[in-house]
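Novice: could you look at this predicted model? Sequence included:
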Amino acid sequence: MFTLSETWKKTYPTAVVGVLALHNVANPRENVALNQQKEALEAELRDRFSGRDRAALRTLPSIQPYYIYYKRFKKTYHVQHQLESVALKGKPIPKAAALVEAMFMAELKNQLLTAGHDLDSVKMPVGIDVAVGGEQYTGISGRELRTKPADMMIADAQGIISSILYGPDRRTCITPKTQRALFTVYAPQGIAKDAVQTHMLDIETYVRLIAPAAEVMINNVYGIE
């Protein structure tokens, strides 16, 4: 169902991509158990990173590889900014529908870049690839996007569903009706395969707070053998 292009293997030989697919999920506007876990995570992050500043966060083993990747494109890593907001400035984790919040929570806990999709909107097969540059897709906000050359991207049979620099697309986004969810984790050089596996377990754990009957369809890390 998922393939790695030869270009991706040659361009990013030490990178990996995690793929987690779950069915029997739900996406209510909010969930009490998830809200409680979210408050606990906010407190944990503030305690863990107490006394640190932006420069210190940038050197974290979980963030530095993204900092290096984004810097090549003259961009900054948005998950770091979100972590600063919650852990250093005391702001709450942004409100979203429960399934998306579960993904955000895992992102903040582990700092690994993740895209979420409605699996029933994804047209198989799915390929993990490298952008030539100029490929177009509609971002989750509805804005038309053009890829940057050499950016990692993922595309299904109909088009791009995400890229590192510009995030997920609108066509396959998670909706209130989502019953099968797909999460993909971009991990550039320096992020260990084990860290990606732990991150996907955290996503699964948070999703099960919302949907206890959720079942794993795919749990795999593509890249380094």
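Specialist: Structure received. Residues are numbered from 1 along each chain as shown.
Novice: please name the residues that touch His154.
Specialist: Careful, residue 154 is Ile; it's not His. Listed by C-beta atoms under 8 Å, 6 or more residues apart in numbering, the contact set of Ile154 reads 17, 115, 126-129, 160-163, 184. Bear in mind the C-beta positions are built from the backbone N, C-alpha and C, glycine included.
Novice: and what of Glu144?
Specialist: By C-beta under 8 Å, 6+ apart, the contact list for Glu144 reads 136-138.
Novice: which one of those is nearest to Asp169?
Specialist: For the contacts of Glu144, the residue nearest Asp169 by C-beta to C-beta is Tyr137; the value is 5.0 Å.
Novice: now do the phi/psi pair for the closest residue to that closest one other than its chain neighbours.
Specialist: In space, and not counting its chain neighbours, Tyr137 is closest to Ile160: 3.9 Å by C-beta to C-beta, 6 or more residues apart in numbering. Phi and psi for Ile160, reported as degrees, to the nearest 10, are phi -70, psi 130.
Novice: cool, Thr3 as well?
Specialist: Main-chain torsions, Thr3, degrees, to the nearest 10: phi -130, psi 150.
Novice: which one is it nearest to, not counting chain neighbours?
Specialist: Once flanking residues are discounted, Thr3 sits nearest to Gly127: 5.0 Å by C-beta to C-beta, 6+ apart.
Novice: who's in contact with the one you found?
Specialist: By C-beta under 8 Å, 6+ apart, Gly127 lies in contact with 2-5, 154-156.
Novice: three-state assignment of it?
Specialist: Under DSSP: H, G, I helix; E, B strand; the rest coil, Gly127 falls in the strand class.
Novice: that one and Asn27, how far apart?
Specialist: 26 Å (C-beta to C-beta, to the nearest Å).
Novice: Val196 too?
Specialist: 23 Å.
Novice: one more: Leu45?
Specialist: Taking C-beta to C-beta, one finds Leu45 at 24 Å from Asn27.
Novice: what helix or strand does the residue nearest the centre of the chain sit in?
Specialist: With distances taken as C-alpha atoms, centre = their mean, Thr114 lies nearest the centre of the chain, 0.4 Å away. For Thr114, the host element (DSSP states H and E) is strand 113-118.
Novice: where do the strands of this protein begin and end?
Specialist: 2-4, 16-23, 113-118, 126-130, 136-138, 144-146, 152-155, 160-163, 167-168, 180-187, 215-223 (DSSP state E).
Novice: name the helices or strands packed onto the third one?
Specialist: Strand 113-118 sits against helix 98-110, strand 160-163, strand 167-168, strand 180-187, with contacts defined as 3 or more C-beta pairs under 8 Å, 6 or more residues apart in numbering; DSSP states H and E.
Novice: tabulate these (a markdown table), appending mean neighbour count and mean pLDDT.
Specialist: What follows is those, written out as a markdown table (neighbours: other C-beta atoms under 10 Å; pLDDT from 0 to 100):
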| stretch | mean neighbour count | mean pLDDT |
| --- | --- | --- |
| helix 98-110 | 23 | 97 |
| strand 160-163 | 24 | 98 |
| strand 167-168 | 18 | 98 |
| strand 180-187 | 25 | 98 |
